[in-house]
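**Student:** Pasting a predicted model and its sequence here:
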Amino acid sequence: MRFFEVRSAQDLVRLVEEVGFLPFFAGGAPGFSVEECCPPELWFSPDADGPWEWKGPAARSGRCLYGKFFGGKAGFVSAGWAADFANFRRDGYDFDARYDDGLAPHRDKEVYDAVAEGGEVLSKQLKAQCGYRKGGNKGFDTVITRLQMQTYVCVADFVYMRDRFGRPYGWGVAKYSTPEAQLGRDAVTAAYRREPERSREDILAHIAQVLPDVPKEQLAKLIRP
């Protein structure tokens, strides 16, 4: 299936809402990524915004979630599918319950608590707060990726450095939040009364409709925790 061409942040959010799930980079299934839906000339264009610049507006739109959700790589999940996605990936656990049952390490709890209590926290501030500075704790990327894959943490926005003319430059610094803070707790936990496996089956059935030519085994790999 070929999706419509994405040429703006608004197009990107509309496509995510239409398909439900959308990896940022190509690789999971043919044509199923922001990378493959966006004209090549808009990647790193000096004259126009492109996918790198659209990520922030899309993430803060309140209509989708953005984070490392697909095999440890970035992508989007629509607000409409956030509850089932969280139910499946969390296996029915709120983070505190997962930790209390011994299913999450203490370092994950430190990072999660800092994000949940802060509302929105820049990555460099989060690293400093949790001791991931030079000579300190190691493995921040592993922890923050795991929390995103489990849908306890997402990316709320990107903050860019600015030159003396006020123009943004460089790579945006991720600002982390929780899905509950982005979409509201009810929107994220509404599927908790269902079995996580049922949520997985519904997600897989939906993606199979979106991508009818892709084997279900390949789609299952795309959404697996």
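**Tutor:** That came through, no problem.
**Student:** When you work out contacts or count neighbours from here on, use the C-alpha atoms and nothing else.
**Tutor:** Noted.
**Student:** In its sheet, which strands sit next to the helix or strand bottoming out on mean pLDDT in the chain, and in what direction?
**Tutor:** The weakest-scoring helix or strand in the chain, judged by mean pLDDT, DSSP states H and E, is strand 168-177 (a mean of 83). Strand pairing for strand 168-177, determined by DSSP bridges: strand 121-122 (antiparallel), strand 154-162 (antiparallel).
**Student:** what would these look like in a markdown table with mean pLDDT?
**Tutor:** Compiled in a markdown table, those are given as follows (pLDDT from 0 to 100):
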| stretch | mean pLDDT |
| --- | --- |
| strand 121-122 | 96 |
| strand 154-162 | 89 |
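**Student:** what would these look like in TSV with distance to residue 174?
**Tutor:** Conversion of the strands paired with strand 168-177 to TSV gives the following (distance: least, CA to CA, whole Å):
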stretch	distance to residue 174
strand 121-122	6
strand 154-162	5
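**Student:** Dump these into JSON lines; add distance to residue 197 and mean neighbour count as well.
**Tutor:** Shown next, in JSON lines, are the strands paired with strand 168-177 (distance: least, CA to CA, whole Å; neighbours: other CA atoms under 10 Å):
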{"stretch": "strand 121-122", "distance to residue 197": "32", "mean neighbour count": "20"}
{"stretch": "strand 154-162", "distance to residue 197": "22", "mean neighbour count": "20"}
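**Student:** which stretch among those comes nearest residue 82?
**Tutor:** Minimum separation from residue 82 across the strands paired with strand 168-177 (CA to CA) falls at strand 154-162, 11.5 Å.
**Student:** quick one: low-confidence ranges for the protein?
**Tutor:** Applying pLDDT under 70 to the chain flags residues 1-2, 168-170.
**Student:** Just list whatever residues bridge to the residue positioned nearest the centre of the chain.
**Tutor:** Taking CA atoms, centre = their mean as the criterion, residue 67 is the residue nearest the geometric centre of the chain, at 1.9 Å. For residue 67, the beta-bridge assignment (DSSP bridges) gives partners residue 75.
**Student:** State the distance from it to residue 146.
**Tutor:** 11 Å (CA to CA, to the nearest Å).
**Student:** So residue 166 belongs to a strand, correct?
**Tutor:** No: going by DSSP: H, G, I helix; E, B strand; the rest coil, the assignment for residue 166 is coil, not a strand.
**Student:** and it, what are its phi and psi?
**Tutor:** The phi/psi pair for residue 166 (degrees, to the nearest 10) reads phi 80, psi 10.
**Student:** burial count for it?
**Tutor:** Neighbour count of residue 166, defined by other CA atoms under 10 Å: 8.
**Student:** same thing with residue 219?
**Tutor:** With other CA under 10 Å as criterion, residue 219 counts 18.
**Student:** Tell me who's in contact with it.
**Tutor:** Residue 219 is in contact with 28-29, 204, 207-208, counting by CA atoms under 8 Å, 6 or more residues apart in numbering.
**Student:** which ones are touching residue 106?
**Tutor:** If you count contacts by CA under 8 Å, 6+ apart, then residue 106 has residue 99 around it.
**Student:** and what of residue 11?
**Tutor:** residue 5.
**Student:** buried set for stretch 216-225?
**Tutor:** Within stretch 216-225, the residues scored as buried using 16 or more other CA atoms under 10 Å are 219-220, 222-223, 225.
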